[in-house]
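Novice: I'll drop the sequence and a predicted model, then ask my questions.
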Amino acid sequence: MLSINKTSPRLWFINFLPHSTLQRLYLPFKPPSIQTTSPATIVKDSQSLTNASISYSNLLSQCVAAKSLSLGMELHAHLIKFGFSRHPSLRNHLVTLYSKCCRFGYARKLVDVSSEPDVVSWSSLLSGYVQNGFVEEALLVFNEMFLLGVKCNAYTFPSVLKACSMKRDLNMGRKVHGMAVVTGFESDKFVGNTLVVMYAKCGLLDDSKRLFGGIMEQNVVSWNALLSCYVQSELRGEAVDLFKEMVRSGIMPNEFSISIILNACAGLQDGGLGRTFHGLMLKMGLDLDQFSANALVDMYAKAGEIEGAVAVFQEIAQPDVVSWNAVIAGCVLHDRNDLALVLLDEMKSSGTCPNMFTLSSALKACAAMGFKELGRQIHSSLIKMDADSDLFASVGLIDMYSKCEMMDDARRAYDSMPKKDLIAWNALISGYSQCGDDLEAVSLFSKMYNEDIDFNQTTISTVLKSVASLQAIKVCKQIHTISIKSGIYSDFYVINSLLDTYGKCNHIDEASKIFEERTWEDLVAYTSMITAYSQYGDGEEALKLYLQMQDADIKPDPFICSSLLNACAKLSLYEQGKQLHVHAIKFGFMCDIFASNSLVNMYAKCGSIEDADRAFFEIPNRGIVSWSAMIGGYAQHGNGKEALQLFNQMLRDGVPPNYITLVSVLCACNHAGLVNEGSQYFEKMEEMFGIKPTQEHYACMIDLLGRSGKLNEAVELVNSIPFEADASVWGALLGAARIHKNIELGQKAAEKLYDLEPEKSGTHVLLANIYASAGMWENVAMVRKLMKDSKVKKEPGMSWIEIKDKVYTFIVGDRSHSRSDEIYAKLDQLGDLLSKAGYSPIVEIDIHNVNRSVKEKLLYHHSEKLAVAFGLIATPPGAPIRVKKNLRICVDCHTFFKYLCKIVSREIVVRDINRFHHFTDGSCSCGDYW
């Protein structure tokens with residue numbers, strides 16, 4: 001047999017230990033100081049000790065049970081004084097006491113001074129390390145026992161197996177298992193239970209279950225061990241099945257079994273199942289001890305049954321901090337933040353002191369409710385507890401201050417953290433993003449990356465939201481590359497965030513590529529892609545994608561419905577909008593405020609103000625967006641009086657306007673020529689509603705004054721603007737100059753617009769129209785030359801018409817349509833009828849320096865006339881015709897449609913860039929005021 005030196009193996013292991021571990025293993029043993037004058041506090045003298053009914057052994061056992069270190073040390077001193085310290089049983093008691101109280105230096109000294117290795121002392125030392133979380137030290141002690149030849153017993157194996165479980169050291173656990181088999185201890189129920197737990201915690205649940213099946217005497221402790229492993233491995237459904245199997249096998253559950261299964265129900269958030277086990281507990285007559293009561297409160301709270309949680313909580317005679325934490329955390333988890341804060345106040349009144357976990361839940365409640373001052377008070381409490389530097393508490397503070405829009409305080413909480421982990425970085429980046437400081441959020445991520453700080457998919461997804469808001473496409477591409485290099489590109493959230501960001505940056509091709517490359521079908525990806533198509537004018541692709549989504553059997557949500565309705569609104573797709581309305585009803589989205597508002601907007605922008613009106617009055621809880629959408633709809637349709645009536649109704653209902661509402665009100669006045677009303681609202685908007693006029697309000701008012709011929713007042717208003725006027729203001733003035741043929745004003749406005757929007761062709765066209773109307777053809781030619789030299793191309797007039805779920809596009813003189821011959825034949829036919837009715841082309845508006853017949857032909861082939869002609873041959877007689885145009889409808893087309901609607905007995909609805917024109921019975925809804 002190999003001869004082993006007793007001390008050298010231990011030293012060999014110790015060489016690999018850090019200094020702090022050495023200190024824990026080998027603290028110098030110093031006999032404790034005692035007051036020799038008061039040994040009578042323990043025993044009166046050595047003679048009385050011998051004769052006393054309570055022995056030293058019993059006294060030491062009581063010290064171990066109570067972890068009474070000071071009294072135990074006095075006893076130890078007494079034992080030394082009277083010569084009992086070498087007694088094996090008493091020495092073992094002392095080793096146990098010192099080990100449990102983390103005085104490992106004293107415990108180890110007692111083990112080392114023993115003349116013979118004692119398995120009880122070694123096991124006590126090993127158990128103490130495990131119970132106090134010193135797993136590495138426990139395994140070193142076990143190795144040393146093995147090398148010294150100390151045989152393990154039924155108490156050694158459970159301790160070392162527990163250490164293997166805590167460390168997830170499967171290899172060591174298997175070695176210990178082998179030793180237990182060889183020594184015959186595998187059949188011991190305590191060792192068997194610990195083996196079950198060890199294999200389960202190391203991820204081998206099948207092996208764990210197999211070992212469990214081999215335990216000869218399966219008792220409730222064995223079952224509890226396996227149940228606990230399943231719950232901790234998040235196999236909660238399997239744990240419930242296992243519990244039922246236990247009951248069927250005749251094993252009566254105890255309070256620990258019930259607590260474990262209640263934890264499973266809490267994880268499943270299944271209050272109904274939890275209530276069943278609660279009933280079983282009552283039926284079995286199990287006492288509602290503190291542990292079980294807390295488990296019940298936690299289960300009901302996490303399952304969202306707050307009333308049940310509170311009811312159980314109120315039955316607890318003396319709720320401890322765990323009880324309070326369970327019910328408060330449950331309230332916060334399920335958005336009962338007000339109740340959580342009430343309970344916090346009651347907790348303080350009851351005399352139970354909140355701990356860090358209580359206050360962390362309270363911080364979440366303050367964050368959700370925006371309670372800044374209470375949040376500060378809780379911060380103060382954490383400082384007093386010296387817990388504000390704790391990672392968990394610090395992240396809660398950052399989150400609370402961020403959600404209360406107090407980013408300076410959030411940053412201070414972050415900066416005060418001695419060590420910042422990834423969760424703290426993510427919380428701060430998210431805070432800046434949520435508060436709209438997107439640049440700071442992106443800068444923080446850049447700092448993380450440059451300092452080689454680890455990030456995860458949450459970091460990427462959060463910072464991409466800010467990148468999308470900034471529309472920083474270069475940064476988006478950089479993050480895209482980083483996500484690929486770091487290996488997290490395949491993450492579900494990262495891919496969807498990139499897709500959404502590319503879409504919001506108007507890089508539809510990149511978004512579409514990511515969408516097509518994804519390996520799963522999900523609602524989020526479809527939502528991002530459909531929204532991107534809708535926002536940037538490709539509504540047809542958005543609708544195609546919706547059909548594809550239906551084929552994939554993915555149910556839409558209200559947000560997708562809202563995006564699709566907005567797409568229909570932009571393209572004036574009335575028929576498809578109606579179909580989406582049916583889908584919204586089918587899927588129950590009419591209760592959703594976003595979908596309802598989008599429906600109002602869609603009908604208004606598709607030319608059916610009546611349908612918009614019905615949809616508006618069906619909204620149960622109308623907010624400011626609902627009112628603004630309907631007022632804006634009336635404004636676009638020229639129903640100024642109805643818009644003002646609705647605005648007054650909104651004020652009577654107690655809904656305050658926002659700046660968008662007032663833009664709609666001024667537009668309504670503008671389109672209806674209500675100069676006095678518009679002036680009153682504009683002049684009093686700050687006084688009445690606390691809203692200062694913006695560029696949009698000034699532009700509306702200047703347009704209103706200009707159209708009504710009050711050019712001097714319009715110019716004075718421009719000059720009085722307290723900030724630099726933008727293109728919308730000067731554009732309104734240029735439009736007024738065109739209507740009233742004011743060359744000087746038109747030139748001044750055009751010069752400003754050349755500086756502000758040099759690439760826009762509309763300025764050149766309007767100025768050329770002013771010159772043409774005055775017969776100044778040389779000036780017209782000069783404007784055209786300026787356009788050519790500046791490489792500015794005139795935006796072509798385009799019109800769209802929807803027929804049978806398909807959109808047809810026309811441009812001036814278009815002959816690309818498959819039914820072009822029929823369209824032009826229809827126009828020729830209508831020309832004769834219109835001439836007889838009194839229509840004559842208004843050639844004065846054409847700026848081409850050609851003869852009258854050529855001008856008449858050019859006017860006759862405008863895109864909106866071609867679209868309406870196609871509508872007449874492709875739709876049933878009497879059906880309304882709805883056309884959308886990208887520019888302002890010209891005077892000639894306006895006059896043409898007034899005559900045409902009467903001849904063909906149809907309503908013709910034209911939506912131009914400014915407003916709607918409803919042509920019926922020889923007149924237009926605008927009253928020739930546009």
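Specialist: That came through fine.
Novice: which stretches of the chain have low pLDDT?
Specialist: 1-54, 287, 388, 846-850 (pLDDT under 70).
Novice: try it again at 50.
Specialist: Scanning the chain for pLDDT under 50 picks out the ranges 1-54.
Novice: in it, which spans are strands?
Specialist: 798-803, 806-811, 881-885, 908-911, 916-920, 923-924 (DSSP state E).
Novice: who are the packing partners of the first one?
Specialist: Going back to what we said before, that points to strand 798-803. helix 574-586, strand 806-811, helix 863-874, strand 881-885 (3 or more Cβ pairs under 8 Å, 6 or more residues apart in numbering; DSSP states H and E). Bear in mind the C-beta positions are built from the backbone N, C-alpha and C, glycine included.
Novice: recalculate using a threshold of 7 Å.
Specialist: strand 806-811, helix 863-874, strand 881-885 (3 or more Cβ pairs under 7 Å, 6 or more residues apart in numbering; DSSP states H and E).
Novice: in the longest one, what's buried?
Specialist: With burial defined by 16 or more other Cβ atoms under 10 Å, the residues of helix 863-874 counted as buried are 863-872, 874.
Novice: could you do stretch 498-513 as well?
Specialist: Quick answer for stretch 498-513 (16+ other Cβ under 10 Å): 498-505, 507-508, 510-512.
Novice: start and end of it, how far apart?
Specialist: 11 Å (Cα to Cα, to the nearest Å).
Novice: same deal with stretch 599-613?
Specialist: Note: stretch 599-613 ends 10 Å apart using Cα to Cα.
Novice: quick revisit: what is the nearest of the buried residues of helix 863-874 to residue 895?
Specialist: Nearest to residue 895 out of the buried residues of helix 863-874 is residue 865 (Cβ to Cβ; 11.4 Å).
Novice: show me what contacts that closest one?
Specialist: Going by Cβ atoms under 7 Å, 6 or more residues apart in numbering, residue 865 touches 827, 893, 896.
Novice: same question for residue 445.
Specialist: So residue 445 contacts 429, 459, 463 (Cβ under 7 Å, 6+ apart).
Novice: measure the first one to residue 555 for me?
Specialist: By that I understand residue 429. Distance, residue 429 to residue 555, by Cβ to Cβ, to the nearest Å: 33 Å.
Novice: hang on, the earlier thing: quickly name whichever of the buried residues of stretch 498-513 is closest to residue 115.
Specialist: residue 498 (71.4 Å).
Novice: count of neighbours near residue 161?
Specialist: Other residues lying near residue 161 total 26 when counted by other Cβ atoms under 10 Å.
Novice: find the nearest non-adjacent residue to it, please.
Specialist: residue 194 (4.2 Å; Cβ to Cβ, 6 or more residues apart in numbering).
Novice: neighbours of that neighbour, how many?
Specialist: 24.
Novice: my guess is it meets residue 158, correct?
Specialist: Yes. Counting by Cβ atoms under 7 Å, residue 194 touches residue 158, with 4.2 Å between them.
Novice: what about the helices in the stretch 551-700 of the chain?
Specialist: 558-571, 574-586, 593-605, 609-617, 624-636, 640-652, 659-672, 675-689, 695-707 (DSSP state H, counting those that start in this stretch).
Novice: circling back: so between residue 429 and residue 555, which is more surrounded?
Specialist: The neighbour comparison of residue 429 against residue 555 (other Cβ under 10 Å) goes to residue 429, with 25 against 9.
Novice: which residues does the more buried one contact?
Specialist: 441, 444-445, 459, 462-463.
Novice: ok, now residue 577?
Specialist: Applying Cβ under 7 Å, 6+ apart, the residues near residue 577 are 565, 568, 602-603, 606.
Novice: looking at these, which one is closest to residue 88?
Specialist: Closest to residue 88, out of all of those and judged by Cβ to Cβ, is residue 565, at 85.7 Å.
Novice: and that closest one, how many residues sit next to it?
Specialist: 30.
Novice: separation between the residue lying closest to it once chain neighbours are set aside and residue 853?
Specialist: In space, and not counting its chain neighbours, residue 565 is closest to residue 598: 3.9 Å by Cβ to Cβ, 6+ apart. Distance, residue 598 to residue 853, by Cβ to Cβ: 48 Å.
Novice: look at those two and report which has more neighbours.
Specialist: Shown here are residue 598 and residue 853; by other Cβ under 10 Å, residue 598 has more neighbours (29 against 10).
Novice: test my guess that that one contacts residue 562.
Specialist: Yes. Using Cβ under 7 Å, residue 598 makes contact with residue 562 at a distance of 4.1 Å.
Novice: is it true that residue 91 touches residue 110?
Specialist: Yes. When contacts are counted by Cβ under 7 Å, residue 91 is listed as touching residue 110 (5.6 Å).
Novice: residues in contact with the closest residue to residue 238 other than its chain neighbours?
Specialist: Nearest non-adjacent residue to residue 238, counting by Cβ to Cβ, 6+ apart: residue 230, 5.3 Å away. The neighbours of residue 230, taking Cβ under 7 Å, 6+ apart as the test, are 238-239, 242.
Novice: same deal with residue 892?
Specialist: Contacts of residue 892 by Cβ under 7 Å, 6+ apart are 841-842, 845, 859.
Novice: equivalent analysis for residue 437, please.
Specialist: Counting by Cβ under 7 Å, 6+ apart, residue 437 has contacts residue 407.
Novice: how about residue 591: what's its closest non-neighbour residue?
Specialist: Using Cβ to Cβ, 6+ apart, the closest residue to residue 591 is residue 620 (7.2 Å).
Novice: neighbours of the one you found, just the number please.
Specialist: 8.
Novice: swap in the one 3 residues further on?
Specialist: The number of residues packed near residue 623 is 12, by other Cβ under 10 Å.
Novice: so it versus residue 594, what's the distance?
Specialist: Residue 623 is 10 Å from residue 594, by Cβ to Cβ.
Novice: and stretch 412-420, end to end?
Specialist: End-to-end distance (Cα to Cα), stretch 412-420: 13 Å.
Novice: contacts made by it with the rest, please.
Specialist: 389, 394, 397-398, 401, 424, 428.
Novice: buried sites along that stretch?
Specialist: Under the neighbour-count rule (16+ other Cβ under 10 Å), stretch 412-420 has 413-414, 417, 420 buried.
Novice: need these in TSV with distance to residue 902, can you?
Specialist: As requested, those are exported to TSV (distance: Cβ to Cβ, whole Å):
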residue	distance to residue 902
413	72
414	71
417	77
420	75
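Novice: mind checking which of those are in helices?
Specialist: Among the buried residues of stretch 412-420, the ones falling in helices (DSSP state H) are 413-414.
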